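Quick one: sequence plus predicted model below, questions after.
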Amino acid sequence: MRMYRTNLGDFLRARRDACQPEDVGIDRERHRRVAGLRRDEVAALAGMSTEYYVRLEQGRVDSPSRQVLDALARALRLSTVSTDYLYRLAGLGAPRVASIAPQSRDAMNSVLRRWRYTPAYIMDCNLDVVAANDLMIAVSRGEVRPGVNAVELTFSTDRQVVLEDWERTARETVATFRYLTDDTSRRHHEILEKVSDDPDFARFWKLHEVNLPTNYEVRADVEGLGELCVDVQNLTLPDFHGHTVTLYTAEEGSFTDEVLRQLAGSLEVAA
């Protein structure tokens, strides 16, 4: 198993490689050798010496100040989410907590049951599914259910076959996992141990991208139901320590909408 613990230097190098000269107003030389920005360019943009920036990338600065981190975020054109992650890597962010009180989980399940025609589920900060309504379990053919981890599911062979745009989905899943998870927790490392040898996971993990769950369209050929097209909508629950509600919605009157309504009806009859 590879060691995947992220440090500040790894993140800075990855973001420096991803940031292009044109993004920060620097003319690109014809025979430029680096993929993104040079260390001295980042240092100049951040208003610090090249030597100090090199020490940051090498992990030889114990506690960079907030002023330094803000300057780096501006220099590398980091998003709000990436800046928050930068702070966490420097030890200045709030810890992630996966567990919630039992009464809160009961409330979540109650909300999910009210969405009769909308498949829905809830994940914690490790992307473990902690609750799902019956329609979600049915339309996913049991793949999305409490106890399943979204990272492990995404990198399963079956998932790659079913999803039409698996590459984008997988990349976004890795970025979300990196941002939301507590990388000091046992559960975090259990998940990594299961997926770390997957070459696609390793490729996406190396990018050091972070993001909140995004909204997107998914097309999937579901056995027994046909080709379904849903809009995936994610709602973060800040009061519940990084938990996310995920909804599958379909255009009214579409084939997918009809399938979901028929499936919901059959579940009500069975109940």
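In hand now; what should we look at?

Give me the most central residue, this structure.
T176 (1.0 Å; C-alpha atoms, centre = their mean).

Just to check, that one is in contact with N126?
No - between T176 and N126 there is no contact, the gap being 10.7 Å when judged by C-beta atoms under 8 Å. The way it works is simple: take the backbone N, C-alpha and C, and place the C-beta from them, glycine included.

contacting residues around L207?
Counting by C-beta atoms under 8 Å, 6 or more residues apart in numbering, L207 makes contact with A14, A18, R171, V174, A175.

and of those, the nearest to E251?
R171 (25.5 Å; C-beta to C-beta).

Spatially nearest residue to that closest one, not counting backbone neighbours?
F204 (5.0 Å; C-beta to C-beta, 6 or more residues apart in numbering).

Can you tell me how far G9 is from G59?
Counting by C-beta to C-beta, to the nearest Å, the separation of G9 from G59 is 5 Å.

tell me which residues of the lowest-mean-pLDDT helix or strand in the chain are tucked away?
Least confident helix or strand of the chain, by mean pLDDT, DSSP states H and E, is helix 157-162 with a mean of 74. For helix 157-162, the neighbour count (16 or more other C-beta atoms under 10 Å) marks R159, V162 as buried.

Ok, stretch 42-51 next?
V42, A43, A44, L45, A46, M48.

first to last residue in it, what's the distance?
Terminal residues of stretch 42-51 lie 11 Å apart, using C-alpha to C-alpha, to the nearest Å.

what's next to it, contact-wise?
12, 16, 19, 24, 37, 39-40, 52-53, 68, 71-72, 74-76.

Do me a favour and average the pLDDT over it.
In this model, stretch 42-51 has a mean pLDDT of 98.

just stretch 164-175 next, same as before
Here the average pLDDT along stretch 164-175 is 92.

again with stretch 252-268
For stretch 252-268, the mean pLDDT works out to 94.

Would you confirm that R178 contacts E209?
Yes - counting by C-beta under 8 Å, E209 is a contact partner of R178 at 7.2 Å.

correct me, but L228 touches R219?
Yes - with contact defined as C-beta under 8 Å, L228 reaches R219; the gap is 7.2 Å.

Those two: which is more packed in?
Comparing L228 with R219 by other C-beta atoms under 10 Å, the one with more neighbours is L228, at 20 against 13.

Please name the nearest non-neighbouring residue to that one.
Nearest to L228 is T256, by C-beta to C-beta, 6+ apart, at 4.6 Å.

Mind jotting down where the helices sit in this structure?
With DSSP state H as the definition, the chain shows helices at residue ranges 8-18, 39-46, 50-57, 66-75, 80-89, 102-114, 134-139, 150-154, 157-162, 166-180, 186-195, 199-205, 255-270.

TSV for those, including distance to R30?
Output for the helices of the chain, formatted as TSV (distance: least, C-beta to C-beta, whole Å):
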stretch	distance to R30
helix 8-18	20
helix 39-46	16
helix 50-57	23
helix 66-75	24
helix 80-89	30
helix 102-114	57
helix 134-139	53
helix 150-154	41
helix 157-162	40
helix 166-180	31
helix 186-195	41
helix 199-205	29
helix 255-270	51
